[in-house]
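Novice: Would you be able to build a 3D model of this:
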Amino acid sequence: MLATDPLTLARAIVDFLEEKKGEDILLLDLVDICSFTDYFIVCSAGTERTLKALSGEVQRQTQEMFRLKPQTVEGDAASRWILIDFGDVIVHLFSPELRTYYRLEELWKEGHVLVHLR
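Specialist: Below is the predicted model:
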């Protein structure tokens, strides 16, 4: 299956994260708000092991289903924030503490919430 558009990719990534027990998953539509991406996905994980598993699953599944690799991956599980950049879709995986500290949801509050799985 190849991605037909960024929203299809974003929704698939939300599904991957939910299957792997990501917490508080948020999909924000930034199409008319942001110049460098269309969608943010923000997800929390309680442990470094879970952060690593979520990152690996997103990368594995997007490669398998869409033949798509990220343009860049920043951070790692030990830093408690992993950013996976697919261009039109950017995934932020956080520890709950860092997510609260950086408050991306507040920074991008003009974005339209498409999905919020608590």
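Novice: just so I have it, where are all the strands in this protein?
Specialist: 23-29, 39-44, 72-74, 81-85, 89-94, 112-117 (DSSP state E).
Novice: Mind checking those for the one nearest to residue 7?
Specialist: With respect to residue 7, and counting by CB to CB, the nearest of the strands of the chain is strand 39-44 at 6.9 Å. (C-beta placed from N, C-alpha, C; glycine too.)
Novice: can you list the strands of the chain in TSV and add distance to residue 104 and mean neighbour count?
Specialist: Rendered in TSV, the data for those read as follows (distance: least, CB to CB, whole Å; neighbours: other CB atoms under 10 Å):
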stretch	distance to residue 104	mean neighbour count
strand 23-29	8	20
strand 39-44	6	24
strand 72-74	14	13
strand 81-85	10	19
strand 89-94	6	25
strand 112-117	12	13
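Novice: Tell me which of those strands lies nearest to residue 8.
Specialist: Taking the strands of the chain one by one with CB to CB, strand 89-94 is closest: 9.7 Å.
Novice: what angle do the closest one and strand 23-29 make?
Specialist: Angle of strand 89-94 versus strand 23-29, following axes from the mean of the first three to the mean of the last three CA atoms, to 10 degrees, is 150 degrees.
Novice: which other helices and strands contact strand 89-94?
Specialist: Contacting strand 89-94 under the criterion 3 or more CB pairs under 8 Å, 6 or more residues apart in numbering; DSSP states H and E are the following elements: helix 6-19, strand 39-44, helix 48-66, strand 81-85.
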